[in-house]
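Asker: Would you be able to build a 3D model of this:
(2 chains)
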Amino acid sequence: EDQVTQSPEALRLQEGESSSLNCSYTVSGLRGLFWYRQDPGKGPEFLFTLYSAGEEKEKERLKATLTKKESFLHITAPKPEDSATYLCAVQAVSGGSNYKLTFGKGTLLTVNP
Amino acid sequence: DTEVTQTPKHLVMGMTNKKSLKCEQHMGHRAMYWYKQKAKKPPELMFVYSYEKLSINESVPSRFSPECPNSSLLNLHLHALQPEDSALYLCASSPSGQGRQETQYFGPGTRLLVL
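Answerer: The predicted structure follows:
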């Protein structure tokens, strides 16, 4: 069974204090790993898709990396507006559906000014 | 443009009401999804339509009835809901559901309250 574990569950940072969020996964075969940002009461906002180990993607203060067992979302010099829940999801190559995403429980990030 | 729109934004309904949620995308995507999300939980997949045909029903109660009138539209018809059905209902779409580039893009959601 595909599993995704995100850590920490919650993270408080001071503005400008860089850190990383972790997403560990177990899948039969990885089709893709996705990072989303979700603000309270709103839909998840797509951030990155990673497909193979060693891949990295960047967007403003965010950088996502992927290994064979985990992904990291690095946040450099965060600002209060980066406060949100960050969701990691994986899509597996399996004999069944190609549509299913297995989500982690998310990391709630709070950035204090 | 990676926009998925949903209406209404908020919905309050009684247990005997019939209502519908609507979702629209104009990205040419051929796979569309309904998710349910409870507070502080990740989204849970309910239904998947691929090329306007229902591909996945995740054992969702029959009081939820999906419909895909065309490749851009997705509806969720609600009838005789229970208070525990109160949640954020999310629509998403992806190119085809079968290719390599299958990022799912989510709409803003409909906040449903069942009284």
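Asker: Is chain B within reach of stretch A:52-72?
Answerer: No: using C-beta under 8 Å from any C-beta of the partner chain, stretch A:52-72 never reaches chain B; the gap is at least 10.7 Å. Just so you know, the C-beta spots here come from the backbone N, C-alpha and C atoms, and that holds for glycine as well.
Asker: The helix or strand that contains residue B:47: partners in the sheet, and parallel or antiparallel?
Answerer: Element membership for residue B:47 (DSSP states H and E) is strand B:44-50. Using DSSP bridges, the strands paired with strand B:44-50 are strand B:31-37 (antiparallel), strand B:53-57 (antiparallel).
Asker: Out of the ones you listed, flag the one nearest residue B:104.
Answerer: Closest to residue B:104 of the strands paired with strand B:44-50 is strand B:31-37 (C-beta to C-beta; 6.5 Å).
Asker: So what touches that closest one?
Answerer: A:99, B:23, B:25, B:43-51, B:55, B:64, B:66, B:68, B:74, B:76, B:87-98, B:102, B:104, B:106, B:109 (C-beta atoms under 8 Å, 6 or more residues apart in numbering or on different chains).
Asker: List only buried entries from the residues you listed.
Answerer: A:99, B:23, B:25, B:43, B:45-50, B:55, B:64, B:66, B:68, B:74, B:76, B:87-95, B:97, B:102, B:104, B:106, B:109 (16 or more other C-beta atoms under 10 Å in any protein chain shown).
Asker: which stretches of the chain have low pLDDT?
Answerer: Just so you know, I chose chain A. The model of chain A has pLDDT under 70 over residues A:94-98.
Asker: try again with chain B
Answerer: B:1-2, B:97, B:99-101.
Asker: from it, which residue is nearest to chain A?
Answerer: residue B:42 (3.5 Å; C-beta to the nearest C-beta).
Asker: Grab the nearest non-local neighbour of that residue.
Answerer: Excluding the flanking residues, the one nearest residue B:42 by C-beta to C-beta, 6 or more residues apart in numbering or on different chains is residue A:103, at 3.5 Å.
Asker: Which parts of chain B are strands?
Answerer: Using DSSP state E, the strands of chain B run over B:4-7, B:10-13, B:18-25, B:31-37, B:44-50, B:53-57, B:64-70, B:73-79, B:87-94, B:105-106, B:110-114.
Asker: do the same with chain A
Answerer: For chain A, strands defined by DSSP E occupy the ranges A:3-7, A:10-14, A:19-26, A:30-38, A:45-50, A:56-59, A:62-66, A:70-75, A:84-92, A:102-103, A:107-112.
Asker: returning to what we had before: tell me the contacts of the residue nearest to residue B:42?
Answerer: Neighbour list for residue A:103: A:4, A:87-89, B:42-43 [criterion: C-beta under 8 Å, 6+ apart].
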